[in-house]
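1. This is a predicted model, with the sequence first.
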Amino acid sequence: MDPRGTGGIAPGVGEGLPGGPRPSRATVGGAAPRNPAAYGLTEDTPVYVISVAAQLSGLHPQTLRQYDRLGLVSPDRAAGRGRRYSARDIEQLREVQRLSQEEGINLAGIKRIIELENQVAALQSRVTELLDAVEGAAATLQQREAAVHASYRRDLVPYQQVQQSSALVVWRPKTKRHGQ
């Protein structure tokens, strides 16, 4: 067992993440940053070895290997082909376990649910991209329209259409006077 209690993780790796090792106080100024981003870590950064991921998710390491083989949760691989789990992977492991135990869904059903959730997320991302593109095109169109209006000649009077009236007008031809 590792005397630092980090479960085989290199010092400083996973600090500040949920369930990760506590940051050491041996940093400059005596205070360690509590934000994982300060270490360059995100939810998707693969930092946990399989034994730590198993502890954090409450599952047996063999279960994690089986989920990987089935494609339910696919962690990244280290240079030596060892699995490295991220915080997002551990969250997904917990969700797979919840669906299996509490909802009674089989692993094939869980895999399909995960695939559909990923597809929905990808489609939502695409919709956001398209909305941004439409908003950008609309802004460009407004700028071009404003440029056209600014280029109008000011010495010309704009034509305004006369409103038609429904009033009845009687026409009487002028009579010619004698002698004219």
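-> Arrived safely.
2. for stretch 49-57, which positions count as buried?
-> Buried positions in stretch 49-57, judged by neighbour count with 16 or more other Cβ atoms under 10 Å: Val49, Ile50, Val52, Ala53, Ala54, Leu56, Ser57. Any C-beta I mention is one placed from the backbone N, CA and C, and that applies to glycine too.
3. Tell me who's in contact with Ile50.
-> Shown in contact with Ile50 (Cβ atoms under 8 Å, 6 or more residues apart in numbering): Pro61, Leu64, Arg65, Pro75, Gly82, Arg83, Tyr85.
4. Quick check, pLDDT for it.
-> Predicted confidence (pLDDT) at Ile50: the value is 89.
5. got it, and the one 10 residues further on?
-> As predicted, His60 sits at a pLDDT of 92.
6. Apart from its chain neighbours, what residue comes closest to it?
-> Leaving out its chain neighbours, the residue that sits closest to His60 by Cβ to Cβ, 6 or more residues apart in numbering is Ala54, at 6.1 Å.
7. Starting from whichever strand or helix holds the one you found, tell me the next helix or strand along the chain.
-> Here Ala54 sits within helix 50-57, counting by DSSP states H and E. Moving toward the C-terminus from helix 50-57, the next helix or strand (DSSP H and E) is helix 61-70.
8. show me where this structure has helices.
-> Taking DSSP state H, the helices of the chain run over residues 50-57, 61-70, 87-101, 107-150.
9. quick one, which of those helices is packed in tightest?
-> With neighbours taken as mean count of other Cβ atoms under 10 Å, the helices of the chain reach their highest mean count in helix 50-57, at a mean of 20.
10. now the angle between helix 87-101 and that helix, please.
-> 60 degrees (axes from the mean of the first three to the mean of the last three Cα atoms, to 10 degrees).
11. going forward can the numbers begin at 491, since that is how I track them
-> Yes, from this point I'll number from 491; that puts the last item at helix 540-547.
12. who does the lowest-mean-pLDDT helix or strand in the chain pair up with?
-> Taking mean pLDDT, DSSP states H and E as the measure, the chain has strand 566-567 as its least confident helix or strand, at a mean of 86. Applying DSSP bridges, strand 566-567 is found paired with strand 573-574 (antiparallel).
13. what comes into contact with the partner strand?
-> Residues from elsewhere that reach strand 573-574, judged by Cβ under 8 Å, 6+ apart: 536-540, 543, 554-555, 558, 565-568.
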